[in-house]
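K.L.:
pasting the sequence and the predicted coordinates here, then a few questions.
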Amino acid sequence: MIQALFIALSAFGLLMALGTVFARNLVNAALFLVAFFFVIACQFVLLEAEFMAAIQVLIYIGAVTVILMFGIMLTRNIQGDETTTVSKRWRLLGLGAFGTVCTVLVLGINAYQPWTDLAVRPEFPVTKDSTTPRGQAILSMTPTVGREMMTRYVVAFELAGLLLTAALVGAVVLAQHDSTDIVNAKAEKPGTEPAVTGS
Amino acid sequence: MSPFDMTMTPETNLMLAQSIYYDKVDLWLWIRWGLYLFAGFFGVFPLIVAYIVLAERKLAARFQDRIGPNRVGPFGLLQPFADFIKLIIKESIVPKGANGFVHLLAPMLTLISAFLVLAVIPFGVGLAPVDLPSGVLYMVSVSSIAALSIFLAGWSSRNKYSLLGAMRGVAQLVSYEIPQVMSILPVILWAGSLSMVSIVQAQQYDQGWFIFSPPGILGFVLLLIASIAEVNRAPFDLPEAESEIIAGFHTEYSGMRFGLFFLGEYLNVFAVCCLTTTLFLGGGSLPFQSYFAGRAEHMLAAPFDASKDQILKLNAHHEFPLNPGSGFRIEITNEAGRSEAFQVSHRTGNDLYLLANRPVDFQAGANARVTAAARPDFASPWHFSNLIMIPVFFAKVFFLIFVMFWIRATLPRMRADRLMAFAWKTMVPLAIANIFLGAIWYEIVIRPAGGYGHKLVGWAVTGPLTLAAIALVFRINRNSYQANDPERRPTLISRTGESLLAATTQGQ
Amino acid sequence: MSQQIPLTWFLYFAAASFSIGLMGVLMRRNAIGVLMAIEIMLNAANVNFVAFWRYGPTPASEGPISGVMMALFVVTVAAAEVAVGVGLILLCYRRWRAADVDELDSLSG
């Protein structure tokens, strides 16, 4: 039964990903992306990493999608219609890349014996009385993540903090409304006011 | 073994799993979930929301020295039904260029988010619909979907004012999510668990309401303000301001679609009030119940062997009077007089397994004196204490809702930039300071002996620190307040740029 | 659970999602669309990390949740990248009045 669930979920997820790539309207594409993120969260639940599922919903659906929506809204075309087309030149290349990469990956996965062996062996049974570190980590992932962050991965944690600070400061600096912004350099003649920015 | 030991092999790793229950999926579970679905989804919550709307109208009327709806039933009690009928028979006008699917999806997302938040709240003993071990994390994730719904509502209406309202609304929601989550962190630290039921139990049996501490008061205030902003209530209701940008992001919604938004907003109000009650007011418990929780002082000398297994195993040679099972807290004092409290994981025969989620300082084989703080272990919703807990819970929730109505009737709306400045410059620093204060409180009061020790010392230390933090934050921000800045003080300026006040004084 | 999901099924899903994301990166003209396709690719990689963590033996020196930690850091970095990316796109829009990656083809000016 769980195999049927996984197949249905994955098929739905791939359809949503295709919708993101091919949707004309950017907001529809963003909504497809939200559905795809949710499917990924469901995959994390199937993999018994519910903490990651919650983080996926919180950060991707709650924050990244909002940023993308803001970006879509602030960079609309003049007509207000947000349709974008897929350029013909790249269409063939894109399909070719998709086919090549997908085939190579699937054949590679199939051919690697340790992974297909893992296919046959069932997962670790994780029950309430699990005493292995991994079993306990799965049962109570949030405290384990906190502890690991502070002991084993503390350097990565601090670097991620630095990265986020840099991104925060950078985004604020980038988004500042510069009064010397020139929209279209060609339209400016000396002695007149610069063209008003659209945003 | 030092607390900072980085080599964690199975033998020395005494830090451990919480025992979570896997519910048996049997007929009783399906019946319970079916009942929750029908009673909650179709009955209780819409009724509660409808009467909250009526209460708001009547309370706002009383604040404004008038009476409020009193035509439809006795004291206007049938007004919600009249409103419902009106909304249903109204035509749902959808703008022509609007994206129909998204136009309908937006209020549904608000409702979904509110219901999902309500799914983890313990309304009483055994009455949490779902008791997730990481309930707070789940609740935070789910409440972040609401921002998306506001944006979709504004976008799909193809209306500049809607879009403006939506942009401001999303910015506001995203900004106030941060103090909302950070003010919950001290609560998680004190309760030691992310599960809502554990948080309520910690307040009920161990520590008293979390609000009875300076960091608790500060956290409560921060959570309340941030929650009011999260649900777009006044004074933070600029996104749906009726006198400014028509109706903001739900301008183009009419009929039952507007009804869905209305329902969603008030359900959100109910959900965040339930959340605040659970986290800070010990949802369902009486104020000083923890003092009477039945501390059975039972001295027991039991050798225990901390090196063999990953769980602290206590050989209970004597019978405990109250038969401790999972959920009890056991306090162990070693010969040096140092005591720590541990939670019981489970009990098999004479062996009591304790959860040690931090490094344990007891030597193997040492004799320890065990004083058991009794906490009953049940999860059935038919417990008699629900008769008291459910009314107390709802009394607290309605009190908080009344506070929200009161604030709405009293305070004027905040301007968009001041709203954002308040979130980022005042509330976020206070929330960060609150985390430190919460840690100080934890070290002084909660860590030593399970919630009873040194509360006066804790107040004496964290009280002045809290006041100092608040004063510091306001002092740092004093230059950004408009009243203090002579250049930005509002004044009358004519079209040519000269000050009219100067003109009038010169004309005298 | 009587039947288990084989590891390779998760890997197929991740591979297919990754390829779809790659196709999106190559085919999309709008910069925000390209960002969305990049997010699809990153999420596919995350599924891979967590699947390998759950199924396979991981070295004990890396701790009990190495895969989940990696996925967590990927989420962090991806969120930071989207923030900065959207900021850059907004700047390009202000400058060139369009968010079309085909037109952003000069390094000067």
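P.N.:
Noted; the coordinates are in hand. The structure presented is a predicted model; accordingly, all values stated were derived computationally and were not measured.

K.L.:
switch to C-alpha atoms for all contacts and neighbour counts from now on
P.N.:
Will do.

K.L.:
which regions of chain C sit below the pLDDT cut-off?
P.N.:
Scanning chain C for pLDDT under 70 picks out the ranges C:1-3, C:98-99, C:102-106, C:108-109.

K.L.:
closest point of it to chain A, which residue?
P.N.:
residue C:6 (3.9 Å; Cα to the nearest Cα).

K.L.:
with chain B instead?
P.N.:
residue B:141 (4.2 Å).

K.L.:
correct me if wrong: that residue contacts residue A:53.
P.N.:
No. Counting by Cα atoms under 8 Å, residue B:141 sits too far from residue A:53 to count as a contact (9.4 Å).

K.L.:
quick one on the thing from earlier: the residue of chain B closest to chain A - how many residues pack around it?
P.N.:
23 (other Cα atoms under 10 Å in any protein chain shown).

K.L.:
and it, how close does it get to chain C?
P.N.:
Going from residue B:141 to chain C by Cα to the nearest Cα, to the nearest Å gives 14 Å.

K.L.:
now for that residue: which residues touch it?
P.N.:
Counting by Cα atoms under 8 Å, 6 or more residues apart in numbering or on different chains, residue B:141 touches A:54-55, A:57-59, A:62.

K.L.:
one more time with 6 Å
P.N.:
Taking Cα atoms under 6 Å, 6 or more residues apart in numbering or on different chains, we find residue B:141 in contact with A:54, A:57-58.

K.L.:
among those residues, who's most crowded?
P.N.:
Counting neighbours by other Cα under 10 Å, residue A:57 leads the contacts of residue B:141 with 24 neighbours.

K.L.:
quick check: that one is in a helix.
P.N.:
Yes. Under DSSP: H, G, I helix; E, B strand; the rest coil, residue A:57 sits within a helix.

K.L.:
now whichever residue of chain A sits closest to chain B: closest residue in space that isn't a chain neighbour?
P.N.:
Using Cα to the nearest Cα, the closest approach of chain A to chain B is made by residue A:58 at 4.2 Å. Take residue A:58 and drop its neighbours on the chain: the residue closest to it by Cα to Cα, 6 or more residues apart in numbering or on different chains is residue B:141, 4.2 Å away.

K.L.:
ok, the residue of chain A closest to chain B to residue B:416 distance?
P.N.:
In this structure, residue A:58 lies at 25 Å from residue B:416, with Cα to Cα, to the nearest Å as the measure.

K.L.:
around chain B, pick out the residues from chain A.
P.N.:
By Cα under 6 Å from any Cα of the partner chain, the residues of chain A that approach chain B are A:54, A:57-58, A:62, A:136, A:140.

K.L.:
and the residues you listed, which is the shakiest by pLDDT?
P.N.:
On pLDDT alone, residue A:136 ranks lowest of the residues of chain A next to chain B, at 65.

K.L.:
grab the most central residue of chain C for me.
P.N.:
In chain C, the residue lying closest to the centroid (Cα atoms, centre = their mean) is residue C:42, at 1.6 Å.

K.L.:
quick one: the helix ranked longest in chain A to chain centroid distance?
P.N.:
When chain A is parsed with DSSP state H, its longest helix is helix A:88-111. Centroid separation between helix A:88-111 and its chain, computed with Cα atoms, centre = their mean, to the nearest Å, is 20 Å.

K.L.:
all the helices of chain A, residue numbers only.
P.N.:
Taking DSSP H, the helices of chain A run over residues A:2-22, A:26-46, A:50-55, A:65-74, A:88-111, A:113-120, A:133-139, A:141-151, A:154-174.

K.L.:
element containing the residue nearest to residue A:58, please.
P.N.:
Assessed by DSSP states H and E, residue B:141 sits inside helix B:135-143.

K.L.:
next secondary structure element downstream of that helix?
P.N.:
On the C-terminal side of helix B:135-143, the closest following helix or strand by DSSP H and E is helix B:146-156.

K.L.:
by how many degrees do that following helix and helix A:26-46 diverge?
P.N.:
Compare the direction of helix B:146-156 with that of helix A:26-46 by axes from the mean of the first three to the mean of the last three Cα atoms, to 10 degrees and you get 160 degrees.

K.L.:
of all the helices of chain A, which lies closest to residue B:88?
P.N.:
Of all the helices of chain A, helix A:26-46 sits nearest to residue B:88, with 28.4 Å by Cα to Cα.

K.L.:
and the closest one, what's buried?
P.N.:
A:26-44, A:46 (16 or more other Cα atoms under 10 Å in any protein chain shown).

K.L.:
returning to that earlier point: hmm, who's touching the longest helix of chain A?
P.N.:
Counting by Cα under 6 Å, 6+ apart, residues outside helix A:88-111 touching it are C:16, C:19, C:23, C:26-27.

K.L.:
just for chain A, where's the confidence low?
P.N.:
For chain A, applying pLDDT under 70 flags the ranges A:77-87, A:117-133, A:135-136, A:139, A:177-199.

K.L.:
how far away is residue B:275 from chain C?
P.N.:
Per Cα to the nearest Cα, residue B:275 is found 27 Å from chain C.

K.L.:
same thing with residue B:34?
P.N.:
Residue B:34 sits at a distance of 23 Å from chain C (criterion: Cα to the nearest Cα).

K.L.:
average pLDDT across the helix or strand hosting that residue?
P.N.:
Assigned by DSSP H and E, residue B:34 falls within helix B:27-35. In this model, helix B:27-35 has a mean pLDDT of 79.

K.L.:
what residues does that helix touch?
P.N.:
For helix B:27-35, using Cα under 6 Å, 6+ apart, there are no contacting residues.

K.L.:
in that helix, what counts as buried?
P.N.:
Buried positions in helix B:27-35, judged by neighbour count with 16+ other Cα under 10 Å: none.

K.L.:
can you check stretch C:71-78 too?
P.N.:
C:71-72, C:74-78.

K.L.:
how about stretch B:151-161?
P.N.:
Within stretch B:151-161, the residues that count as buried by 16+ other Cα under 10 Å are B:151-159, B:161.

K.L.:
any regions of the stretch 101-250 of chain B where pLDDT drops low?
P.N.:
Along the stretch 101-250 of chain B, segments meeting pLDDT under 70 span B:206, B:239-250.
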